[in-house]
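Q: below is the structure, and that's it, no one-letter string:
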């Protein structure tokens, strides 16, 4: 199946610094990518939908100035956690949508391996 | 509203079958998915079913969809210790490009 990578896989930073997480679709083009946040032993919470060439759509309660999303190309979306605080510590997972057409139009979501962020 | 629910825990013995259940509320979902998440890892797509199908089989995995009751299940035959993980069902809502995830079911396989 299609592959989505994330970098870095682990990051530890000091409070107040900014952290950038990259999400890449390695063997397909993705006009749409999603960013999720997962707290320990909980489900995924959708943060935002990233569309190539346009502004991201944020879910209710997610601060767009805090979590900056850029989807500059069809294979790369970035999430920047600005002025990170300990409460931002979490597991961030991205996904990319592969769209194929055959007998009927199909979209499949592939997930990255996740980035674990720890803010001290 | 959109809501996807799963039971939180399931424990089975190695070699037995596991059945993980999921209920959803939005009848406009087009595709329903099952994902597996191992500790500290991202999500792995296991299988999916189109909403006009009742059943899909893929090796040890069988997905059953009861659209009338909005109930989805994943059966894992001959469950192995390597199947221990959290399993999420998810629905894709047609026209919204939004995926709604269930709460996840933690499957523990006992040797």
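A: Structure's in. What do you need? As the structure is a prediction and not an experimental result, all values here were calculated from the model.

Q: please enumerate the strands of the chain.
A: Using chain A here. Remark: strands assigned in chain A by DSSP state E are A:4-7, A:10-13, A:19-25, A:32-38, A:44-51, A:57-58, A:67-73, A:76-81, A:90-101, A:105-111, A:115-119.

Q: nope, chain B
A: Counting by DSSP E, the strands of chain B are B:4-6, B:9-13, B:18-24, B:29-37, B:43-50, B:55-58, B:61-66, B:71-76, B:85-93, B:98-101, B:105-110.

Q: next, the buried residues of stretch A:24-43.
A: By neighbour count with 16 or more other Cβ atoms under 10 Å in any protein chain shown, stretch A:24-43 contains the buried residues A:24, A:25, A:28, A:30, A:32, A:33, A:34, A:35, A:36, A:37, A:38, A:43. Quick note: C-beta positions are derived from backbone N, CA and C, even for glycine.

Q: now do stretch B:20-35
A: Buried, per 16+ other Cβ under 10 Å, within stretch B:20-35: B:20-24, B:26, B:29-35.

Q: go on, stretch B:47-55?
A: For stretch B:47-55, burial by neighbour count (16+ other Cβ under 10 Å) applies to B:47, B:48, B:49, B:51.

Q: report the lowest-confidence entry in the buried residues of stretch B:20-35.
A: Among those, residue B:29 has the lowest pLDDT, at 68.

Q: let me see the contact set for residue B:10.
A: By Cβ atoms under 8 Å, 6 or more residues apart in numbering or on different chains, residue B:10 lies in contact with B:18, B:19, B:20, B:105, B:106, B:107, B:108.

Q: mind giving me the ChimeraX command for buried ones among the residues you listed?
A: To isolate the buried subset of these in ChimeraX, counting by 16+ other Cβ under 10 Å, use the following:
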select /B:18,20,105,106,107
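
Q: now residue A:23: closest residue in space, sequence neighbours ignored.
A: Leaving aside its chain neighbours, residue A:23 sits nearest to residue A:94 (3.4 Å; criterion: Cβ to Cβ, 6 or more residues apart in numbering or on different chains).

Q: pretty sure that neighbour sits against residue A:37.
A: No. Contact criterion Cβ atoms under 8 Å: residue A:94 and residue A:37 do not qualify, at 10.5 Å.

Q: quick one: low-confidence residue ranges for the chain.
A: Using chain A. Counting by pLDDT under 70, chain A shows low-confidence ranges at A:1, A:101-106.

Q: look at chain B instead
A: For chain B, the stretches flagged by pLDDT under 70 are B:1-2, B:29, B:94-98.

Q: quick one: distance of stretch B:26-45 to the chain centre.
A: 7 Å (Cα atoms, centre = their mean, to the nearest Å).

Q: for stretch A:62-74, same thing?
A: 9 Å.

Q: can that stretch be found next to chain B?
A: No. Between stretch A:62-74 and chain B, judged by Cβ under 8 Å from any Cβ of the partner chain, nothing touches; the nearest distance is 13.6 Å.

Q: follow-up on the earlier one: near chain B, which of the buried residues of stretch A:24-43 show up?
A: Answer for these near chain B (Cβ under 8 Å from any Cβ): A:32, A:34, A:43.
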